[in-house]
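Novice: Sharing a model prediction with you, sequence too.
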Amino acid sequence: MTNVSPIHRSTPVAAPALPSFVTRRVERFHTQRVAVDWGGRHILRGRHPKPGDLMLQSNDYLAIAGHPQIVEAQREALATGGLGMMMSALFIQHEDEPMHQVEAELARAVGTESGILAQSGFAANVGLIQSIADERVPVYVDMLAHASLWEGIKSAGAKPVPILHNDLGHLERHVLRHGPGIIVVDSVYSTNGSVAPIAAIADIAEQFGCVFIVDESHSLGTHGARGEGLVASLGLNDKVHFVTASLAKAYCSRAGFIGCGHRFKDYFGCEALPAIFSSSLLPHELAGMAASHRVIQNEGWRRARLRQVTHQVRDALTDLGYPIEDGTEQIIAFEAGAELLTGRVRDVMEEHGIFGSVFSAPATTLNRSLLRLTLNAGMSEADVDRLIDTCALIRDKLDISSWSAHKRAARRANDRELENVA
């Protein structure tokens, strides 16, 4: 029998008292946000799901997280190579290394000259903007763009110029006012499933000499003939300077990616702080990414099924009067607006075994909190019917007429009527 040494456990000691400038912020969270805005209960703490409940929280859009080829690739990499070298990716210079092979394969898929793997999509976006912007550069950023893009602007010390969501006229006016800079958008927006008018924005960027960055986190793998994303499928690689993505969505990998030019890659590795001061990805993670990439390219039926589910659910919910017309893709937003109301929407859905994800500030702007339902290719027809039937059954309980999305849709409809009269 093998002798195993017991794990040493230190006696817990109370943390030292925090100074008032920290305490005030912590207490404000508990006394204002939790006690008042959220009605005394943490907004993210709903029911515990039971077996058989319908989970619509995961970003595993293609339902490949448990794919045997991906699992086996990671198992084999761990069994043969362990955890690899613990060091910054900056020191991995040989092109035959697995990391660079995966980067090259992803770059070929999205149609860019070269590619860079980062520790996360957040690190990719922060590192990219921090390495190309400074205090003299205006960054034109869509109001619904991911927080990592906004954080990159802050990290660079650059000037953020917020642009109304998908408003080409607003973008053009600001570029005329502030001059050439960087335009950043999501191809598919993570809160409501809307799609950016990438081609039209690319024309504006080209006309005014701007750098154009497209975050494809929610379209890489799911859009295009082989999952290449919207930029490549629209033939816009010659107008988009950088494509970024979190691979923790359709690729089910804990990493981020930047598609870029050859010369930029070496520059980024020696300039972007997240690249310099973070350890490299591990061998089993790289093996999993490579296997995910093969599955995504070869099993096109998953994208077809995701589109089918998306159209079926969106059409049915629209017919039921749900205000979801801001988006078109696999992300569906039940935008109640007020956080207390969003919490009630979540509670009613969970009472009927449907679990989504609550988004509130800072993930959304104030008074635009929502419950996000994320569809996936693994949903059966029974799952789709259950979601639609449940939404029909509980519609009146959800108080849709008080949702901010419903009020906004009503204003738009009224404006159209006035235009027709005029």
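Specialist: Cool, the structure landed. It should be emphasised that the depicted structure is a prediction, and the values quoted were computed from it without experimental measurement.
Novice: All the strands of the stretch 301-422 of the chain, residue numbers only.
Specialist: Assigned by DSSP state E, counting those that start in this stretch, the strands in the stretch 301-422 of the chain fall at 331-337, 354-355, 357-359, 369-374.
Novice: before we move on, what about the stretch 51-200 of the chain?
Specialist: Under DSSP E, counting those that start in this stretch, the stretch 51-200 of the chain gives strands at 54-55, 114-118, 138-142, 159-163, 182-186.
Novice: For the strands of the stretch 301-422 of the chain, give me CSV that also has mean neighbour count, distance to V345 and mean pLDDT.
Specialist: All C-beta atoms are positioned from the backbone trio N, CA, C, and that covers glycine. What follows is those, written out as CSV (neighbours: other C-beta atoms under 10 Å; distance: least, C-beta to C-beta, whole Å; pLDDT from 0 to 100):
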stretch, mean neighbour count, distance to V345, mean pLDDT
strand 331-337, 25, 5, 97
strand 354-355, 20, 11, 98
strand 357-359, 21, 9, 95
strand 369-374, 25, 5, 97
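Novice: closest to W150 out of those strands?
Specialist: Evaluated over the strands of the stretch 301-422 of the chain, closeness to W150 peaks at strand 357-359, with 15.3 Å, by C-beta to C-beta.
Novice: List the strands paired with the closest one, with their directions.
Specialist: In the sheet, strand 357-359 lines up against strand 369-374 (antiparallel) (DSSP bridges).
Novice: roughly how far is the strand it pairs with from the heart of the chain?
Specialist: Taking C-alpha atoms, centre = their mean, to the nearest Å, one finds the center of strand 369-374 at 13 Å from the center of the full chain.
Novice: tell me the angle it makes with strand 331-337.
Specialist: Inter-element angle recorded for strand 369-374 and strand 331-337: 160 degrees (by axes from the mean of the first three to the mean of the last three C-alpha atoms, to 10 degrees).
Novice: Would you mark the buried spots in the one helix or strand in the chain whose mean pLDDT sits lowest?
Specialist: Within the chain, no helix or strand scores below helix 404-421, which has a mean of 83 by mean pLDDT, DSSP states H and E. For helix 404-421, a neighbour-count test (16 or more other C-beta atoms under 10 Å) marks 404-406, 408-409 as buried.
Novice: Touching it from outside, list them.
Specialist: 323-326, 333-338, 367-368, 370, 400 (C-beta atoms under 8 Å, 6 or more residues apart in numbering).
Novice: hmm, 7 Å instead?
Specialist: Outside helix 404-421, the residues that touch it by C-beta atoms under 7 Å, 6 or more residues apart in numbering are 323, 325-326, 335-337, 367-368, 400.
Novice: Check stretch 249-257 too.
Specialist: Contacts for stretch 249-257 (C-beta under 7 Å, 6+ apart): 59-62, 64-65, 106, 115, 117-124, 217-218, 220-222, 244-248, 281, 285, 288-289, 292, 296.
Novice: Check stretch 359-375 too.
Specialist: 43, 56-59, 147, 191, 306, 309-310, 313, 330-339, 342, 345-346, 349, 356-358, 404.
Novice: if we can go back for a sec, restrict the contacts of stretch 249-257 to the buried ones and give me that as a ChimeraX selection.
Specialist: Buried subset of the contacts of stretch 249-257, written as a ChimeraX selection, criterion 16+ other C-beta under 10 Å:
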select :59,60,61,62,64,106,115,117,118,119,120,121,122,123,124,217,218,220,221,222,244,245,246,247,248,281,285,288,289,292,296
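Novice: Helices along the stretch 51-200 of the chain, start to end?
Specialist: Here the stretch 51-200 of the chain has its helices, by DSSP state H, counting those that start in this stretch, at 68-81, 98-110, 121-132, 147-156, 168-178, 198-208.
Novice: any idea which of these is most buried?
Specialist: For these, the largest average neighbour count (mean count of other C-beta atoms under 10 Å) is found in helix 121-132, namely a mean of 26.
Novice: sorry, back to before: mind checking which of the helices of the stretch 51-200 of the chain is nearest I258?
Specialist: Smallest distance to I258 across the helices of the stretch 51-200 of the chain (C-beta to C-beta): 5.1 Å, for helix 121-132.
Novice: Which elements pack onto the closest one?
Specialist: Packing contacts for helix 121-132, counted by 3 or more C-beta pairs under 7 Å, 6 or more residues apart in numbering; DSSP states H and E, involve helix 147-156, strand 211-215, strand 242-246, strand 256-260, helix 273-276.
Novice: between it and helix 147-156, how many degrees?
Specialist: Going by the same axes, to 10 degrees, helix 121-132 is angled at 30 degrees with respect to helix 147-156.
Novice: Report the distance from helix 121-132 to the chain centre.
Specialist: Centroid displacement of helix 121-132 relative to its chain, using C-alpha atoms, centre = their mean, is 15 Å.
Novice: can you check stretch 47-64 too?
Specialist: Distance of stretch 47-64 from the chain centroid (C-alpha atoms, centre = their mean) equals 17 Å.
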